[in-house]
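> No letters, just coordinates:
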């Protein structure tokens, strides 16, 4: 039986390393904190009853990862992140998660992508005109 909390914390670390959204990293850390004091037997019982998502801070994806950990397997989510890190370390290319923008599950597949060498931050235009704002003239 694997340590589910350690697996969730490792996933959060790898997501943070990949510069994923803070929301996603926070979701895994919150789930790990919600499960921290529970025994492996209690987690297995909750998983078998389908009650992991009833706990505050545990969603569907984190519950699936906990279920795989409780079953003694490495979570698929963690395995994919670890494979991406290993590929990036072997090639020397920094990795981050690529998004194709279609909104499908493929949007989150981890791949090694080179970062642009001269990526300069864009300057924000503020205040930005908004369409539909009422303008008053005197």
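Sure thing, it's come through. All figures in this text were calculated on a predicted structure; none of them were measured in a lab.

> part of a strand, is residue 15?
No - secondary structure assignment (DSSP: H, G, I helix; E, B strand; the rest coil) places residue 15 in helix, not in a strand.

> mind checking how far the closest residue to it other than its chain neighbours is from residue 62?
Closest residue in space to residue 15, ignoring its immediate chain neighbours: residue 25 at 4.9 Å, by Cβ to Cβ, 6 or more residues apart in numbering. (Each C-beta comes from the backbone N, C-alpha and C, glycine too.) As judged by Cβ to Cβ, to the nearest Å, residue 25 and residue 62 stand 12 Å apart.

> Helices of the chain, residue ranges please.
Taking DSSP state H to define them, one finds helices in the chain at 4-17, 22-35, 40-49, 60-70, 76-91.

> Need those helices in JSON lines (columns: mean pLDDT and mean neighbour count).
JSON lines is the format used below for these (pLDDT from 0 to 100; neighbours: other Cβ atoms under 10 Å):
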{"stretch": "helix 4-17", "mean pLDDT": "93", "mean neighbour count": "20"}
{"stretch": "helix 22-35", "mean pLDDT": "94", "mean neighbour count": "18"}
{"stretch": "helix 40-49", "mean pLDDT": "91", "mean neighbour count": "15"}
{"stretch": "helix 60-70", "mean pLDDT": "93", "mean neighbour count": "21"}
{"stretch": "helix 76-91", "mean pLDDT": "87", "mean neighbour count": "15"}
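
> didn't the residue nearest to residue 15 look like it was pressed against residue 16?
Yes - using Cβ atoms under 8 Å as the test, residue 25 is close enough to residue 16 to be in contact (4.8 Å).

> show me the residues around the closest residue in space to residue 72 that isn't next to it in sequence that make contact.
Excluding its sequence neighbours, the residue lying closest to residue 72 (Cβ to Cβ, 6+ apart) is residue 1, at 5.4 Å. By Cβ atoms under 8 Å, 6 or more residues apart in numbering, residue 1 lies in contact with 40, 44, 69-70, 72.
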